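Enquirer: coords please:
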Amino acid sequence: MSKVNTMEQDNIYVRYSIIIVGITIMSIGVNGFLRQAHLLSGGVAGIATAINYITNINVGFLTFIINVPIFLLGFIFLEKDFLITSLINMVLFSIIIGVTQDIGNIIPIDDILLQSIYGGILCGVGNGLVFRTKSSFGGTDIIGAILKNKLNIAMKSTSFGTNLAIVLISSALFGLNLALYTLIAMFLNAQVMSYTKDALNDEKAVMVFSNNSEPIASEIMKRLIRGVTFLEAEGGYTHEKKKIIYCVVLSREIPKIKEIAMKYDERAFISVNDINEVKDLKKNFYKIKPDESLVLFLFISSYFKFYLK
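Expert: Below is the predicted model of the structure:
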């Protein structure tokens, strides 16, 4: 079975263009809306924002500093390729959220409900775009990956625990009302992130039932560059032996599957099902390409040049 990849994942220029757009949108959500109302986002950015409220230290610099010990732990316990790509994204995020720290001054909104709603939506869109590229911001994602690998604790449980702690911090610092508005933003963030991440790219399991399976499977492999598997089946009424075509494709490719099936068999039957995960057990993480090592060096250099000048 072939791995279902997209241009966002395979092309480094498209990949990082989407990541930068996603990080920028998320930074606007945090700095332009949430911070103006003294609300917090999730993860390390939320922790950095809370410290920023108290100390007035640049939120981008705080994000970077908080991530340093997390990445040190990651390099001990996790795959290096995954960590290097996460490190690139973390440095990018630290720079962009630091540069846009005062963008709220040009967004004339003074309604805490609107700020929590639109801040949550923008953070969700930004997060979703980054996750579409199979990338990570580092931070709590790395903590979650470590706990998953070592203690088999689900990453969503780690994320929930972190966000719960952030809400409690918000409640202690700014009162229960602001903490509840923070929950609204986090809920919208999660919902919009899930939609953005999967929009037009969610993976489906397709089964094609036909008396002419061989040419259908052959054209699927040639036109869509997808691997297929034949499943042996038997008709319950006729007891006729058949080959069922099974493949995993992107949802936007399903019309092409239907077109190919109808081309060879007008009576073909197609079943489409949702799937939760497609995983290559030999390759859990995205492998870094040579070009990305240069990207990493340039961004780390830019980071220190920006903050230490």
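
Enquirer: where in this structure is pLDDT low?
Expert: 1-10, 198-202, 276-309 (pLDDT under 70).

Enquirer: domains of it?
Expert: As given by automatic domain parsing, the domain ranges for the chain are 7-200, 203-274.

Enquirer: how far away is residue 100 from residue 152?
Expert: Using C-beta to C-beta, to the nearest Å, we find residue 100 at a distance of 38 Å from residue 152. Any C-beta I mention is one placed from the backbone N, CA and C, and that applies to glycine too.

Enquirer: also residue 21?
Expert: Per C-beta to C-beta, residue 21 is found 35 Å from residue 152.

Enquirer: more neighbours: these two, which one.
Expert: With neighbours defined as other C-beta atoms under 10 Å, residue 21 and residue 152 compare such that residue 21 has more, 14 against 7.

Enquirer: from what I see, the more buried one and residue 128 are in contact.
Expert: No: in terms of C-beta atoms under 8 Å, residue 21 does not count as a neighbour of residue 128; the distance is 11.2 Å.

Enquirer: all the helices of the stretch 51-200 of the chain, in order from the start?
Expert: Per DSSP state H, counting those that start in this stretch, the stretch 51-200 of the chain carries helices over the ranges 59-77, 80-99, 112-132, 140-151, 155-174, 176-198.

Enquirer: to residue 25, which of those lies closest?
Expert: helix 112-132 (3.9 Å; C-beta to C-beta).

Enquirer: and the closest one, what's buried?
Expert: Of the residues in helix 112-132, those buried by neighbour count under the rule 16 or more other C-beta atoms under 10 Å are 112, 115-132.

Enquirer: ok, now stretch 15-35?
Expert: Going through stretch 15-35 with 16+ other C-beta under 10 Å, the ones that come out buried are 15-16, 18-20, 22-35.

Enquirer: same question, stretch 219-236
Expert: The neighbour-count check on stretch 219-236 (16+ other C-beta under 10 Å) flags 219-220, 224, 226, 228 as buried.

Enquirer: and of those, the nearest to residue 169?
Expert: Comparing every one of the buried residues of stretch 219-236 with residue 169 (C-beta to C-beta), the shortest separation belongs to residue 226, at 46.6 Å.

Enquirer: would you confirm that that closest one belongs to a strand?
Expert: No: applying DSSP: H, G, I helix; E, B strand; the rest coil, one finds residue 226 to be coil, outside a strand.

Enquirer: tell me how far it lies from residue 249.
Expert: If you measure residue 226 against residue 249 using C-beta to C-beta, the figure is 6 Å.

Enquirer: and if you look at residue 35?
Expert: In this view, residue 35 and residue 249 are 41 Å apart by C-beta to C-beta.

Enquirer: and for residue 177?
Expert: Summarising the geometry, the distance separating residue 177 from residue 249, computed by C-beta to C-beta, is 47 Å.

Enquirer: next one: residue 13
Expert: Summarising the geometry, the distance separating residue 13 from residue 249, computed by C-beta to C-beta, is 25 Å.

Enquirer: residue 93 too?
Expert: Using C-beta to C-beta, we find residue 93 at a distance of 32 Å from residue 249.

Enquirer: then residue 91?
Expert: Following C-beta to C-beta, the distance that separates residue 91 from residue 249 is 35 Å.

Enquirer: pull out the buried positions in stretch 255-273.
Expert: Buried residues in stretch 255-273 (16+ other C-beta under 10 Å): 257, 260-261, 264-265, 268.

Enquirer: I meant stretch 193-211, not that one.
Expert: Under the neighbour-count criterion of 16+ other C-beta under 10 Å, stretch 193-211 has 193, 196-197, 203-204, 206-210 buried.

Enquirer: how about the residue nearest to residue 21 when sequence neighbours are not counted, what does it touch?
Expert: When the adjacent residues along the chain are set aside, residue 21 lies closest to residue 129, with 6.1 Å between them (C-beta to C-beta, 6 or more residues apart in numbering). Shown in contact with residue 129 (C-beta atoms under 8 Å, 6 or more residues apart in numbering): 18-19, 21-22, 25, 196.

Enquirer: show me the two of these that sit farthest apart.
Expert: Pairwise distances across the contacts of residue 129 peak at 13.3 Å for 19 and 196 (criterion: C-beta to C-beta).

Enquirer: neighbour count winner among residue 93 and residue 249?
Expert: Between residue 93 and residue 249, residue 93 has the larger neighbour count (other C-beta under 10 Å), namely 28 against 20.
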